[in-house]
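Enquirer: here are the coordinates; sequence isn't available:
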Ligand code: PLP
């Protein structure tokens, strides 16, 4: 049996998304910039996808810029907003728990001489892994040009108080970017309710294809493009449009919008069942991150004394795919920056696993994980020199 519990890393392409994409890979391969009839058909498909993405996040179609994914959308937002500022002394506020697509971009800004303040996450039981808007307010300076804070954290699932942070940004007249790559399709994302100027999404996190995403750019927000080239995406992102990918993103956005209420309730029930069963059966297991402000699909658990990497491999051998952190950091021996920022010790951070569910997840998947994970944790604890948890008798 193979059970996939790593939907925050990526999701499969929904069959309806694949069906929508195939004509643009086969017969209708035209360039959406071409004047002839096949080109116009490709353009119409790109426009329809733009409408669909805009509808998912409550934006106007003209505010959507297609990119090669979440990483490019984050880069375009951060570099583009900072470059657009006329302020000669520039300061950026970022969160310490954001994805590397944001963190490494901000660290690059620092190397260019731009000041960046990284806001720590809260550590308490009711707010672990959450950014406090007051800390964002306190970090403001007259020369602050950008605030960037993610919506849902990819490792903990914690939902950040974006509405309050955007109020801080608006009161100070500062541009606000939000990485919504892990929230779009899982919880409602509405650019006006959130109050954002820039917002990133990525198709492969909600059953669309990899390598395509979008940046929402609120009308009137100044942005310097990252790339130079032709006039695609109204000069904001040159390059021949990835028509099949964009069509796939559009279809995935439509499905996410229509299925969200049903998906999120079903997935939350499965996640909660998995989490409670693991906590009940495994001594010294702790859930990481605020459990109330959390996307419905994610559970991050520390299994003290059982190394996360060893657990990951042992579970993989039993057919269960989960994760120790961000997929792009796997193979790294460093503990997750998110778990450390949320107050975990190095040992606990190294003994944590992320289980993330998705639209295809079933009760059988969860039952299998409930049956296998406790046995594997117990076995690893029994042989781990660091384990102080008494091994329970074999079940
Ligand atoms: N932001 C977050 C929160 C993510 O989880 C990811 C992917 O894991 C990204 C950005 C990068 O998106 P992409 O894989 O589309 O480049």
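Expert: Ah, there it is. What you see is a predicted model, and the numbers here were worked out from it, not measured in a lab.
Enquirer: for residue 2, give its distance to residue 17.
Expert: According to Cβ to Cβ, to the nearest Å, residue 2 stands 22 Å off from residue 17. Yep, even glycine has a C-beta here, placed from its N, CA and C like the rest.
Enquirer: of those two, who's got more company?
Expert: Taking neighbours as other Cβ atoms under 10 Å, residue 2 and residue 17 compare with residue 17 leading, 24 against 10.
Enquirer: show me what the helix or strand that contains the more buried one is in contact with.
Expert: Assigned by DSSP states H and E, residue 17 belongs to helix 15-25. Residues outside helix 15-25 that contact it (Cβ atoms under 8 Å, 6 or more residues apart in numbering): 13, 42, 45, 207-209, 243-245, 247-248, 250-252, 255.
Enquirer: for residue 147, which three-state class applies?
Expert: Secondary structure state of residue 147, per DSSP: H, G, I helix; E, B strand; the rest coil, is strand.
Enquirer: that one: neighbouring residues, count only.
Expert: For residue 147, the neighbour count with other Cβ under 10 Å is 28.
Enquirer: against the ligand, how distant is residue 116?
Expert: Look at residue 116 and the ligand: by Cβ to the nearest ligand atom, to the nearest Å, they are 17 Å apart.
Enquirer: need the helices for the protein, in chain order.
Expert: All helices of the chain, identified by DSSP state H, fall at 15-25, 37-57, 70-84, 100-111, 133-139, 162-172, 191-194, 243-281, 308-317, 337-341, 346-350, 363-383.
Enquirer: figure out how far the last one is from the centre of its chain.
Expert: For helix 363-383, the distance from its own C-alpha centre to the chain's C-alpha centre is 26 Å (Cα atoms, centre = their mean, to the nearest Å).
Enquirer: repeat for the longest one
Expert: For helix 243-281, the gap between its own C-alpha mean and the chain's C-alpha mean amounts to 13 Å (Cα atoms, centre = their mean).
Enquirer: same question, the third one
Expert: For helix 70-84, the distance between its averaged C-alpha position and the chain's averaged C-alpha position is 16 Å (Cα atoms, centre = their mean).
Enquirer: re the thing from before, looking at the helices of the chain, which is nearest to residue 295?
Expert: helix 243-281 (8.2 Å; Cβ to Cβ).
Enquirer: and residue 227, which of the helices of the chain is closest to it?
Expert: Each of the helices of the chain has some distance to residue 227 by Cβ to Cβ; the shortest is helix 70-84, at 8.6 Å.
Enquirer: mean confidence score for the closest one?
Expert: Along helix 70-84, the predicted confidence averages to a pLDDT of 98.
Enquirer: and the angle from it to helix 100-111?
Expert: For helix 70-84 against helix 100-111, the angle between stretch directions is 30 degrees (axes from the mean of the first three to the mean of the last three Cα atoms, to 10 degrees).
Enquirer: and the contacts of helix 70-84?
Expert: Contacts for helix 70-84 (Cβ under 8 Å, 6+ apart): 65, 67, 90, 92, 99, 101-102, 105-106, 109, 114, 145-146, 148, 175, 177, 179, 181, 197-198, 200-202, 205, 213-215, 221-226, 236-237.
Enquirer: quick check, that helix touching the ligand?
Expert: Yes: counting by Cβ under 6 Å from any ligand atom, the ligand is contacted by helix 70-84 at 70-71, 74.
Enquirer: let me see the contact set for the residue lying closest to residue 118 once chain neighbours are set aside.
Expert: Distances taken as Cβ to Cβ, 6 or more residues apart in numbering place residue 96 nearest to residue 118, at 4.4 Å, with adjacent residues excluded. Residue 96 sits next to 103, 118-121, 337, 341 when contact means Cβ under 8 Å, 6+ apart.
Enquirer: ok, how many other residues are close to the residue in the chain that the ligand sits nearest to?
Expert: Residue of the chain nearest the ligand, by Cβ to the nearest ligand atom: residue 70 (2.5 Å). Using other Cβ under 10 Å, residue 70 has 27 neighbouring residues.
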